[in-house]
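Asker: Okay, here's the prediction I keep looking at, along with the sequence it came from:
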Amino acid sequence: LAVDIDRDLTSQYTKNFPGSRLQLADLAAVEAGDLANWVGRRRIAGVIGGPPCQGFSEIGRRSDGDPRNGLVLAFARAVMAIRPAFFLMENVPGLGDERHAETLGAALGVLADRFEIVGPLTLNASDYGAATSRRRLVVLGFDPAKVASMGPSDLTAPSEGKRVTVADAISDLPEPTSVDLDELPYRPEAVPS
């Protein structure tokens, strides 16, 4: 299951993950019961997400009043409704700044009753094989009744090796083609507003 509000940005999701379900919805407005219905009787191993970062990013306005900042708490509530064995949340390092301590603390407070929390930790995507030097704040949580204990060392980067460049990652791709989003064969399920 994937939940996102943006039809255009998710246009290829069902093509890339044909066995999955895409719900077009505002996660802040989704009720816990709806999430439980979408998941059904499946036992969910993990919930992985990255709430919007614009209000926390060092680039841009960093507005404390950005309504998307509330999606950090919405993510935590979604995790609690789904009850996975683990969750992983990523965001920009700015979410860990003192000025956003209340936002991050409220989300982690919701999760602390069920999950052991590891982090927040700041990691660099290039240490994990991504063709970019991109620092990310990561919070891992696990249900000790479902998963063996984890700690920061479980998120440690693999052994230092050659960094992947953009050329390494995409030099063998074919030339791009133009796509009309309205002609795509996907049909995500929309939730009425």
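Answerer: Happy to help now that I have it.
Asker: Residue 102 - how many residues pack around it?
Answerer: 10 (other Cβ atoms under 10 Å). The C-beta positions use only the backbone N, C-alpha and C, and glycine is treated the same way.
Asker: Please compute how far the helix or strand harbouring it lies from its chain's middle.
Answerer: Assigned by DSSP states H and E, residue 102 belongs to helix 101-111. Relative to the mean C-alpha coordinate of its chain, helix 101-111 is positioned 16 Å out (Cα atoms, centre = their mean, to the nearest Å).
Asker: Just want the angle from the very next helix or strand once past it to helix 101-111.
Answerer: Heading C-terminal from helix 101-111, the first helix or strand you meet, by DSSP H and E, is strand 116-124. Going by axes from the mean of the first three to the mean of the last three Cα atoms, to 10 degrees, strand 116-124 is angled at 140 degrees with respect to helix 101-111.
Asker: Strand 116-124 - contacts with which helices or strands?
Answerer: Under the contact criterion of 3 or more Cβ pairs under 8 Å, 6 or more residues apart in numbering; DSSP states H and E, strand 116-124 touches helix 101-111, strand 135-142.
Asker: For that strand, which strands pair with it and how are they oriented?
Answerer: strand 135-142 (antiparallel) (DSSP bridges).
Asker: residues of whichever helix or strand comes after the strand it pairs with that come out buried?
Answerer: Downstream of strand 135-142, the next assigned helix or strand under DSSP H and E is helix 166-170. By neighbour count with 16 or more other Cβ atoms under 10 Å, helix 166-170 contains no buried residues.
Asker: same check, this time on stretch 37-47
Answerer: By 16+ other Cβ under 10 Å, the buried positions in stretch 37-47 come out as 38, 39, 47.
Asker: For those, give me a markdown table that also has secondary structure and pLDDT.
Answerer: Formatted as a markdown table, the buried residues of stretch 37-47 follow (DSSP: H, G, I helix; E, B strand; the rest coil; pLDDT from 0 to 100):
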| residue | secondary structure | pLDDT |
| --- | --- | --- |
| 38 | helix | 87 |
| 39 | helix | 85 |
| 47 | strand | 92 |
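Asker: out of these, who's nearest residue 111?
Answerer: residue 47 (10.5 Å; Cβ to Cβ).
Asker: That closest one and residue 54: what is the separation?
Answerer: As judged by Cβ to Cβ, to the nearest Å, residue 47 and residue 54 stand 22 Å apart.
Asker: go on, residue 134?
Answerer: 16 Å.
Asker: Looking at the helices and strands packed on strand 116-124, which is nearest to residue 9?
Answerer: Among the helices and strands packed on strand 116-124, strand 135-142 sits nearest to residue 9 (Cβ to Cβ), with 18.8 Å.
Asker: Tell me which residues of the closest one come out buried.
Answerer: Quick answer for strand 135-142 (16+ other Cβ under 10 Å): 136, 137, 138, 139, 140, 141, 142.
Asker: Surely the fifth one and residue 111 touch.
Answerer: No: under the contact definition of Cβ atoms under 8 Å, residue 140 does not touch residue 111, with a separation of 10.7 Å.
Asker: and for the two, which residues touch both?
Answerer: Overlap of the contact sets of residue 140 and residue 111 (by Cβ atoms under 8 Å, 6 or more residues apart in numbering) consists of 87, 117.
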